[in-house]
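Asks: need a 3D model of the following:
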Amino acid sequence: MYLGSYYNGVELHRAEKIVYARFLTPHRVISTCSAAGGIRENLTCLYNHQSCEPTGHHRMIHLLTSRDPQTYRRLTCQKYDLPDESCATLGTAANMRYAAVREARFRDQVAVAVVTGGVETNAGRAGDRATVYEWNGAYEKVSAEEFVQHGTVNIMLLINQELTKGAMVRAIITATEAKTAALQELVVGSRYSDGPATGTGTDQIGIASRLNSETILSGTGKHSVMGELIGKSVREAVLETLKLQNSLTPESCRSTVYHLRRFGVDRESFIRDVSAYLSENEAELFRNNFMVVERDPLVVAAVAALVHVRDEVAWGILPDGCVPELWATYGAQIAAAVSEKYDRLPAYREMLAVAERPMGYESFPHIVARAAALGFSEKWE
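Replies: A predicted model of the protein is given here:
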């Protein structure tokens, strides 16, 4: 299906499990494609292909994306009647019908982002511990963590002006920052550590700039207009595709459990941890009315604040010596938000200060649960 044409230089199409950009005029392409990656000027097409379902679907062609990318590209191009030797490939498990297209323009400059994405299983933070070690084409497992191949943000970026080779490399940085900004706004956490995610372990990108334009741009950083267009289009497209693929929206992120997910918390574990500090009757009432704690804006805000404080302790911004006061002060905010008794803040702070716990991965969820339980126990007095 024809999706549209842009700046009289490229057509966008979708067919079954593929979205492809067909160049109507020569383009310079930089991509992470294993078969035709790097900087190329002899390509006629850039495409994004879904090779399997996101969960529990182990198709041979998906394995070829990393083990034999040349064959993967050849088979994909044969199926969709695309020119094998002049295509750059991006592969994913994301649904092509959830591809988001966003165009940004200023005067004669245009950037078009075409993005698919999923972050539920493979979101990670740059610097997280690796799972595999590559040497001489072989892969050795180096971590107990499972290597999740499904969950990828793929970006195709189409630009109507010629970019210098250096500007094309810089455009990758700008587009990556825009992707990470979108993940920040959606509070996406790493699945491999307790830090905020910066991307996924299998993200890919392809950028095409039209050659022989009236001007050649040498700047695509944040201070340049083209950099702004890249940032806007990519950020908006990432937000849109994650809304479609993972139902991630600002409203869906308004949840205490969501903010605690990267610490190993889910709905049942949080209910269990809070109930452990309540009487039997209070625990039953809490279980039956969990939504009032999970979705309440002031409770979510208080939990989010304590999560951020915990991050700043982990990053060394706040000293470890202040942890008892931080735990008590921000925990009291959670208790007051739950009970709706802000006049009790000093009392809550004093009660929570008695139990000093380190703000580590294992104990942090219990800190939040203790504070929530303290507030709930006084909510209906």
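
Asks: list of residues touching the helix or strand in which R310 is found?
Replies: Per DSSP states H and E, R310 falls inside helix 297-314. Contacts to helix 297-314, defined as Cβ atoms under 8 Å, 6 or more residues apart in numbering, come from residues 187, 194-196, 254-256, 259-260, 293, 318-320, 322-323, 326, 330-331, 333-334, 336-338, 359, 364, 367-368, 371-372. For the C-beta atoms, the positions are set from N, CA and C on the backbone; glycine is no exception.

Asks: quick one: which of those sit in helices?
Replies: When DSSP state H is applied, those are split such that 256, 259-260, 293, 323, 326, 330-331, 333-334, 336-338, 364, 367-368, 371-372 fall in helices.

Asks: other SSEs contacting the longest strand anywhere in the chain?
Replies: Looking across the chain with DSSP state E, the single longest strand is strand 109-117. Counting contacts by 3 or more Cβ pairs under 8 Å, 6 or more residues apart in numbering; DSSP states H and E, strand 109-117 is packed against strand 18-23, strand 45-50, strand 100-106, strand 153-159, helix 225-246.

Asks: low-confidence ranges, this structure, go.
Replies: 52-67, 145-150, 355-362 (pLDDT under 70).

Asks: assign the residue sitting nearest the centre point of it to helix, strand or coil.
Replies: Closest to where the C-alpha atoms of the chain average out (Cα atoms, centre = their mean) is L183, at 4.3 Å. Secondary structure, DSSP: H, G, I helix; E, B strand; the rest coil: L183 is helix.

Asks: distance of it from E251?
Replies: Noted for L183: a distance of 17 Å to E251, by Cβ to Cβ, to the nearest Å.

Asks: what of F286?
Replies: In terms of Cβ to Cβ, F286 sits 23 Å off from E251.

Asks: burial measure for R105, as a count.
Replies: Around R105 there are 16 other residues, counting by other Cβ atoms under 10 Å.

Asks: domain boundaries for the protein, per the record?
Replies: Using automatic domain parsing, the domains assigned to the chain come out as 2-246, 256-379.

Asks: deepest in the core, which of those is it.
Replies: Most buried of the domains of the chain, by mean neighbour count (mean count of other Cβ atoms under 10 Å): domain 2-246, with a mean of 19.

Asks: centre of the chain to the helix or strand following the longest strand of the chain, how far?
Replies: Helices and strands here follow DSSP H and E; after strand 109-117, the next one along the chain is strand 123-124. How far strand 123-124 lies from its chain's middle: 7 Å, per Cα atoms, centre = their mean, to the nearest Å.

Asks: how about stretch 294-313?
Replies: Using Cα atoms, centre = their mean, the distance between the centre of stretch 294-313 and that of its chain works out at 20 Å.

Asks: do the same with stretch 262-272
Replies: 21 Å.

Asks: try stretch 127-137
Replies: Averaging C-alpha positions (Cα atoms, centre = their mean) puts stretch 127-137 21 Å from its chain's average.

Asks: send me that stretch as CSV with only the CA atoms.
Replies: Extracted in CSV, the C-alpha atoms of stretch 127-137 (Å, rounded to 0.1, in the frame of the first residue of the first chain):
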residue,chain,number,x,y,z
GLY,A,127,26.3,0.5,30.3
ASP,A,128,24.1,-2.4,31.6
ARG,A,129,25.9,-5.7,31.8
ALA,A,130,26.2,-7.4,28.5
THR,A,131,24.8,-10.8,27.8
VAL,A,132,27.0,-12.0,25.0
TYR,A,133,30.6,-11.8,23.9
GLU,A,134,31.4,-11.8,20.1
TRP,A,135,34.6,-13.2,18.8
ASN,A,136,35.4,-14.4,15.3
GLY,A,137,31.7,-14.5,14.4
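
Asks: could you dump the helices and strands packed on strand 109-117 to CSV with distance to A126?
Replies: CSV is the format used below for the helices and strands packed on strand 109-117 (distance: least, Cβ to Cβ, whole Å):
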stretch, distance to A126
strand 18-23, 27
strand 45-50, 23
strand 100-106, 23
strand 153-159, 14
helix 225-246, 16
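
Asks: returning to what we had before: quick one, what contacts the residue nearest to the centre of the chain?
Replies: Contact partners of L183, counting by Cβ under 8 Å, 6+ apart, are V119, A123, P196, A197, T198, G199, V238.

Asks: can you rerun that using 10 Å?
Replies: The contact partners of L183, by Cβ atoms under 10 Å, 6 or more residues apart in numbering, come to 117, 119, 123, 125, 153, 189-190, 196-200, 235, 238-239, 242, 248.

Asks: same check, this time on K165
Replies: R28, I30, I39, E41, S209, S218.

Asks: I'd guessed the first one sits against G9; true?
Replies: No - using Cβ atoms under 10 Å, R28 is not in contact with G9, being 11.9 Å away.

Asks: overlap in contacts of those two?
Replies: I159, A208, S209, R210, L211.

Asks: and those residues, which is closest to W380?
Replies: Taking Cβ to Cβ as the measure, W380 sits nearest to I159 out of these, at 59.4 Å.

Asks: who's the residue nearest to that closest one when sequence neighbours are not counted bridged to?
Replies: Counting by Cβ to Cβ, 6 or more residues apart in numbering, I159 lies nearest to S209, which is 4.3 Å off, once chain neighbours are set aside. Beta bridges link S209 to R28, I159, judged by DSSP bridges.

Asks: quick one, what contacts S209?
Replies: S209 touches 9, 27-30, 111, 157-165, 167-168, 171, 216-217, 220, 226, counting by Cβ under 10 Å, 6+ apart.

Asks: kindly report the same for N289.
Replies: F376, K379.

Asks: which strand or helix spans H223?
Replies: Short version, using DSSP H and E: H223 is in no helix or strand.

Asks: how about the backbone phi and psi for it?
Replies: phi -80, psi -10 (degrees, to the nearest 10).

Asks: next one: T92
Replies: Dihedral angles (degrees, to the nearest 10) for T92: phi -160, psi 170.

Asks: now the residue nearest to the centre of the chain: how far from A113?
Replies: L183 is 15 Å from A113, by Cβ to Cβ.

Asks: that'll do, ta.
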